[in-house]
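# just need the structure, nothing else, for what follows:
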Amino acid sequence: MDLDLNETQTLLQETVSAFLEREVSFERIRALEREGGCDEALWKAIVAQGWLALPFAEAHGGSHSLVDAGLLALALARRAAIVPILEVVTAGRALEEHGGAEGAELVRATLAGAARPVPAILEASDRFDSPALALEGGRLRGEKAYVDYGHLASHHLVAAWAGGESALCLVDASGPGVACEPLRSIGRTPVCALRYDGAPARRVGGPDALAALVRIGRALAAVQCVGAMEQALDATVRYARVREQFGRPIASFQAVRHHCANMAIRVASARLLAFEALSALDAGTATDAQVALAKASASRAAPEVLMLAHQIHGGNGVIEENDLYFFTLRGKERSLAWGSAEECLDVAAAAVCEPAEWF
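Numbers count the residues shown, from 1 in each chain. Below is the predicted model of the structure:
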């Protein structure tokens, strides 16, 4: 991929970043964390600005670009914003490509702010490819765990066993037979467990649709890891330049410089792999292994970079009055979401013996 942003992408990145810095204060985010809610005002602004349409087809007012959506997700992660950007994009793309007329109508409602579909994939087994929850007679029975923004959604796109294979099923979150139990997460963002007791559902895609949804989710989760790391790195460099020890800024010490250089290397490599994965998804050439390796890189780098940030901050990095904790918690949670480093490396390892096209 071309590593340089084009003029439109540069303008998008600058515009979104400036808007978030101006409109979304960290105090507001702290209040949302205490309430356990979503930033509804910010979500309405994202819809109103047309940013949510970026990954969707031109017919829906978008550019059909996951790279552009990644830039939006990156800016939101750098502000620790509590909005379901990854969840709505992944569910929306699956509905757009596999949901037929009903899916297209739901995408239009989503881009108008009238709907909010989110994926409900994982169960107690923590596996993406073999759901136990079953669709029988047009109804779902079973449980889903760790569903981000599930109790704040209008619809759930549920991974289920249907017709002898894994599938995606659409459920009205406000319909009968749906129960939500809010949970606490290390990222302090909304998450819940879901129970379906005969909830009406419609199949919208098979195994390929589920695999495509997971690929997009993993790539965007990698970008969110990168956003947390980038913000932590910038904050650490600023702090090291003003924090003095032995009569001079700690940024002048070689050990601190080495730590910052190592952080920057890990961030740059994770960002490269994440956006290469999104670019390949846009081009239709991405493989499960490529996306999994991008996520594995980000998942491994995030805890290392964020702990080095705390080490350089010292005691000042422990207190929650320091904004660093936002990115430590979000980065750690995102490093586990959509597949930990070990889970993603297992996916890549399974493809090692597959024939490769070198030329």
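
# in the lengthiest helix in the chain, what's buried?
Longest helix in the chain by number of residues (criterion: DSSP state H): helix 207-242. Residues of helix 207-242 classed as buried under the neighbour-count rule (16 or more other Cβ atoms under 10 Å) are 209-210, 212-233, 235-237, 239-240. All C-beta atoms are positioned from the backbone trio N, CA, C, and that covers glycine.

# what does stretch 21-30 give?
Neighbour-count burial for stretch 21-30 flags V24, I29, R30 (criterion: 16+ other Cβ under 10 Å).

# and the closest residue to G314 other than its chain neighbours, what does it touch?
Excluding the flanking residues, the one nearest G314 by Cβ to Cβ, 6 or more residues apart in numbering is R243, at 7.9 Å. The contact partners of R243, by Cβ atoms under 8 Å, 6 or more residues apart in numbering, come to P249, I250, G314, N316.

# which other helices and strands contact the helix or strand of the chain with the lowest mean pLDDT?
Ranked by mean pLDDT, DSSP states H and E, the helix or strand of the chain with the weakest confidence is strand 244-245, at a mean of 90. Based on contacts counted as 3 or more Cβ pairs under 8 Å, 6 or more residues apart in numbering; DSSP states H and E, there is no element that strand 244-245 packs against.

# direction included, what does the helix or strand following that strand pair against?
Where DSSP states H and E defines the elements, the next helix or strand beyond strand 244-245 is strand 248-249. Looking at strand 248-249 with DSSP bridges, its partner strands are strand 244-245 (antiparallel).

# from the contacts of R243, pick the one nearest A81.
Comparing the contacts of R243 against A81 with Cβ to Cβ places N316 closest, at 23.9 Å.

# near that closest one, how many other residues are there?
By the measure other Cβ atoms under 10 Å, the count of residues near N316 is 13.

# thought S166 was touching P131?
Yes - judged on Cβ atoms under 8 Å, S166 makes contact with P131 at a distance of 5.8 Å.

# list residues touching both of the two?
Shared contacts of S166 and P131 (Cβ under 8 Å, 6+ apart): A159, A160.

# of these two, which one has the most company?
Taking neighbours as other Cβ under 10 Å, S166 and P131 compare with P131 leading, 25 against 20.

# could you pull up phi and psi at the nearest residue to the more buried one once chain neighbours are set aside?
Excluding the flanking residues, the one nearest P131 by Cβ to Cβ, 6+ apart is A159, at 4.5 Å. Torsion angles at A159 (phi, psi; degrees, to the nearest 10) stand at phi -80, psi 120.

# partners of A159 in the sheet?
Taking DSSP bridges as the rule, A159 bridges to L168.

# relative to V16, how far out is the residue lying closest to W51 once chain neighbours are set aside?
Using Cβ to Cβ, 6+ apart and skipping residues adjacent in sequence, the residue nearest W51 is L72, 5.4 Å away. Relative to V16, L72 is positioned 6 Å away (Cβ to Cβ, to the nearest Å).

# which neighbours do the two share?
Common contact partners of L72 and V16 (Cβ under 8 Å, 6+ apart): W51.

# I figured T328 was touching V305, is that so?
No - with contacts counted by Cβ under 8 Å, T328 stays clear of V305, the gap being 9.8 Å.

# which one's more surrounded, those two?
Per other Cβ under 10 Å, whichever of T328 and V305 has more neighbours is V305, with 29 against 21.

# what sits against the closest residue in space to A199 that isn't next to it in sequence?
Spatially, and ignoring its direct neighbours in sequence, A199 is nearest to G177 (3.5 Å; Cβ to Cβ, 6+ apart). Residues in contact with G177, defined by Cβ under 8 Å, 6+ apart, are R139, L140, Y196, D197, G198, A199, P200.

# secondary structure element for D129?
Using DSSP H and E, D129 sits in no helix or strand.

# was I right about it contacting A167?
No - the criterion here is Cβ under 8 Å, and D129 misses it with A167 at 12.0 Å.

# now for these two: what residues contact both?
L210.

# those two: which is more packed in?
More crowded of D129 and A167, by other Cβ under 10 Å: A167, with 22 against 12.

# ok, now which ones touch the more buried one?
L135, A159, A160, W161, R203, V204, G205, G206, P207, A209, L210.

# how far away is it from L140?
11 Å.

# joint contacts of the two?
Contact criterion Cβ under 8 Å, 6+ apart; residues shared by A167 and L140: A160.

# walk me through the domains of the protein.
7-83, 117-205, 209-350 (automatic domain parsing).

# which of those sits closest to L106?
Of all those, domain 117-205 comes closest under Cβ to Cβ, at 6.3 Å.

# quick check: phi and psi at the residue nearest to G314.
According to degrees, to the nearest 10, R243 has phi -80, psi 120.

# for this protein, what spans make up the helices?
Using DSSP H, helices in the chain cover 7-23, 26-35, 40-48, 66-78, 85-98, 100-111, 207-242, 254-283, 288-313, 324-336, 341-350.

# out of those helices, which gets nearest to I186?
Minimum separation from I186 across the helices of the chain (Cβ to Cβ) falls at helix 324-336, 5.0 Å.

# distance from the chain centre to that closest one, please.
12 Å (Cα atoms, centre = their mean, to the nearest Å).

# related to what we said a few turns ago, what residues does the residue nearest to P131 make contact with?
P119, A120, I121, F128, P131, L133, S166, A167, L168, C169, L210.
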